[in-house]
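Peer 1: structure for this input, please:
(chains A and B)
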Number of protein chains: 2
Amino acid sequence: MPRAVFDSTEYENRVERTKERMREEGLDALVVSDPSNMNYLSGYDGWSFYVHQAVVVTQNRDEPVWVGRGQDANGARATTWLDEESIRAYSDDHVHSPYDLHPMDFVGDVLTNLDVGGGRVGLEMDAYYFTAKSYTRLQENLPEATFEDATLLVNWLRIKKSEQELDYMREAARISEEAMVAGLDAIEEGVPEYEAAAAIYDALIQGTDDVGGDYPAIVPLMPSGDHTGTPHLTWSDREFEEGDPVLIELSGCRHRYHSPLARTTFVGDPPDEVQQTADVVVEGLEAALDAVEPGVTCEAVETAWRDVIQQYDIEKEDRIAYAMGLGYPPDWGEHTASMRPGDETVLEEDMTFHMIPGLWFDDFGVELSETFRVTNDGAEVLAEFPRELFTA
Amino acid sequence: MPRAVFDSTEYENRVERTKERMREEGLDALVVSDPSNMNYLSGYDGWSFYVHQAVVVTQNRDEPVWVGRGQDANGARATTWLDEESIRAYSDDHVHSPYDLHPMDFVGDVLTNLDVGGGRVGLEMDAYYFTAKSYTRLQENLPEATFEDATLLVNWLRIKKSEQELDYMREAARISEEAMVAGLDAIEEGVPEYEAAAAIYDALIQGTDDVGGDYPAIVPLMPSGDHTGTPHLTWSDREFEEGDPVLIELSGCRHRYHSPLARTTFVGDPPDEVQQTADVVVEGLEAALDAVEPGVTCEAVETAWRDVIQQYDIEKEDRIAYAMGLGYPPDWGEHTASMRPGDETVLEEDMTFHMIPGLWFDDFGVELSETFRVTNDGAEVLAEFPRELFTA
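Peer 2: Numbering: from 1, shown residues only, chains lettered A, B, ... in the order given. Take a look at the predicted model:
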């Protein structure tokens, strides 16, 4: 009994657009391994991506085929829009197998069974869960097939969001706001980092008065003190101390759709250097948001940020924004457009990005971020949250 | 300033054992991409595995080399035992790059720089984050190298735990107990699933009176009602109803070490069928635990479970246990030994497993689990939690 997240027409439309792109690339089949792309096309939603699985799209068939582990087939029945004959499960001896069996052997059989085993088959060569071994096993199993790299084919279709997708992202933004308040409230001198993380998690999963929260594709990141010189450390047993900057990056999640939000707080009175850095980040962030509109390139938006920080003699090579939305661990990013030099992606209405300019030095860092939708003439920032350096 | 989780002698010992196995396999270098294996050898701990990274072990060098993204190099300085010259970072234009740059181009350069670019290089071909593209790019970059599949080389070294590792797992077990109590207390008719999930998360991250909790490698799994026919669905907005079975699988985590625990509860009075199934699972679980001792094979332990359920005319093909401990999303399993037919791994003292026999039928399921250490004459179950079907 599927608990529908989208009308089946929305899924059918996604599959149709995928097949159109496949025709342009001359592909008979596409093996989709990225769990976000699997969800996008089929609705499948389970924590089973620690074993190999796939959604297979073929030109000769209306519905894609879900392929996964036997014990997860009921999960596919519960969460996808697919008919029974589109759900194909492999036996448990394929899992971390000592028998020289690999799930891609079964996927190879499915492709053969769908009459595309000797065709042109697109693979997501650089997707997280499509391992080198998955590739070599498919090659061994389908010697007649021609494999093409189709890594971001589905990802690029995801960049523009539907009304329903945007509604989920807006719900996620409400959750992000509540979780950020919970985190800022919890941080003070003498409190261990994990207590702040627990408060954030509680708010992320409790959700709002209207809707519950799902697990985010990235855990709340919360480097503090000398750890703020790097953005991806998580919490520890350490207690916050006076003089600590604390970076908080988090995201609410609804039906796997995110709206990330980052802010920086300081335990005690921030020194001028930290306050000034925060002011630069806010000024640069706002300049970049002001530059957003349809027809503008991603690199042009980054230039607006770069122009601001150069006035303060700061250089920074990292990208400042990336397309995002639907996601599973380890990432809510879509891996398509980024706002940085050389990225000539032209903005269109209903694309969504997380803009997270940060300045990370060796001894401290400051970051502030916003998630936004490209509107017909600017940017709709999804969360409402003051843009300032907080103090605890 | 590293915040040490283990003495550097423990890391040195791990690297020495890795190099010994590499010598047996005739490897000059090993590219370790699995974040758990990276942590095991270097201590590196950050949520940065959504970009390509590696720890490279070579025979000609005492320390391994950490390779990752520029903005994460300070994370490596903060969490590893490695000297500055063992930390090598690539520029941000390698990340989800539109410039035909790939992080594995940089890893290739590092291997060349370490004088092993033309040697025998072991790769974790089936590790989650070692994609097909990572492999083909390394092949292109190092035409003189010979690549060997070394997927589980480090994983197998992890199966026996040190005293310090066991202490962390025992701390994780205390957290698992508290989180399970929180979950069971929260579940009742009319409560939405996400509220129970939030209560579990709060307990997982708050930890115990003594220690804080880290994020688990797998989110709390909590299928309910007709979703209990499959083990890997997460919570939703649905409210618990009278007549729902609810499966809870969760794990506390300390310094990335886990001690998973699963129990089943029933909203209202369980029908005889559900109670009897639970009784069979408990009887089978205890028979299998009784079979554990050094010298016994994994498949022999599974036979003890199978003998019990066959008395009740039940057949089940899934494995009942797997080696585990250190882990990052998407899995806390080590992917080495499993308790199932054909796995002839011989148990040794200080190996650790999660035993999770479950019976999942089309309309309901029951699971109960224990994490245990193999002692000199039996099994030390890490959590203390009643083995019964709970009711809410």
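Peer 1: after whichever strand or helix holds A:E283, which helix or strand is next?
Peer 2: For A:E283, the enclosing helix or strand under DSSP states H and E is helix A:272-290. Of the helices and strands lying after helix A:272-290 in sequence (DSSP H and E), the nearest is helix A:298-311.
Peer 1: so which other helices or strands are in contact with that next one?
Peer 2: Taking 3 or more CB pairs under 8 Å, 6 or more residues apart in numbering or on different chains; DSSP states H and E as the contact definition, the neighbouring helices and strands of helix A:298-311 are helix A:272-290, strand A:321-328, strand A:331-339. Bear in mind the C-beta positions are built from the backbone N, C-alpha and C, glycine included.
Peer 1: now do 6 Å
Peer 2: Contacts of helix A:298-311 with other secondary structure elements, assessed using 3 or more CB pairs under 6 Å, 6 or more residues apart in numbering or on different chains; DSSP states H and E, are made with helix A:272-290, strand A:331-339.
Peer 1: buried ones in it, by neighbour count?
Peer 2: By neighbour count, and taking 16 or more other CB atoms under 10 Å in any protein chain shown as the criterion, the buried residues in helix A:298-311 are A:298-306, A:308-309.
Peer 1: same thing with stretch A:174-188?
Peer 2: Using 16+ other CB under 10 Å, the residues of stretch A:174-188 that count as buried are A:174-180, A:182-184, A:186-188.
Peer 1: so for it, what's the average pLDDT?
Peer 2: Taken as a whole, stretch A:174-188 has an average pLDDT of 98.
Peer 1: can you check stretch A:138-150 too?
Peer 2: What stretch A:138-150 shows for mean pLDDT is 98.
Peer 1: so the helix holding A:E283 versus strand A:331-339, what angle?
Peer 2: Direction vectors for helix A:272-290 and strand A:331-339, defined by axes from the mean of the first three to the mean of the last three CA atoms, to 10 degrees, enclose an angle of 70 degrees.
Peer 1: contacting residues around helix A:272-290?
Peer 2: Surrounding helix A:272-290, the residues in contact under the criterion CB atoms under 6 Å, 6 or more residues apart in numbering or on different chains are A:301, A:304-305, A:308-309, A:312, A:357, A:359, A:366, A:368, A:379, A:387, A:389.
Peer 1: ok, now stretch A:311-319?
Peer 2: Taking contacts as CB under 6 Å, 6+ apart, the residues outside stretch A:311-319 that touch it are A:280, A:338-340, B:71, B:92.
Peer 1: same deal with stretch A:207-221?
Peer 2: Outside stretch A:207-221, the residues touching it (CB under 6 Å, 6+ apart) are A:171, A:174-175, A:197, A:200, A:204-205, A:234, A:249-253, A:327-329, A:331-332, B:192, B:194, B:215, B:219, B:237.
Peer 1: give the buried residues for that stretch.
Peer 2: Residues of stretch A:207-221 classed as buried: A:207-208, A:211-221 (neighbour count, 16+ other CB under 10 Å).
Peer 1: ok, stretch A:72-83 next?
Peer 2: Buried residues in stretch A:72-83, counted by 16+ other CB under 10 Å: A:72-82.
Peer 1: farthest pair within those?
Peer 2: Of all pairs drawn from the buried residues of stretch A:72-83, the greatest distance, 16.5 Å, lies between A:D72 and A:W81 (CB to CB).
Peer 1: the helix or strand of chain A with the lowest mean pLDDT pairs with which strands, parallel or anti?
Peer 2: Sorted by mean pLDDT, DSSP states H and E, the helices and strands of chain A end with strand A:358-360, the least confident at a mean of 87. According to DSSP bridges, strand A:358-360 has the following sheet partners: strand A:365-367 (antiparallel).
Peer 1: need the contact partners of the partner strand.
Peer 2: A:228-229, A:247, A:262, A:264, A:277-278, A:281, A:358-359.
Peer 1: against which helices or strands is the next helix or strand after it packed?
Peer 2: The C-terminal neighbour of strand A:365-367 among helices and strands, as given by DSSP H and E, is strand A:370-374. Judged by 3+ CB pairs under 6 Å, 6+ apart, the packing partners of strand A:370-374 are strand A:352-355, strand A:379-381.
Peer 1: centroid residue for chain A?
Peer 2: What sits nearest the mean C-alpha location of chain A, by CA atoms, centre = their mean, is A:W332, with 1.2 Å.
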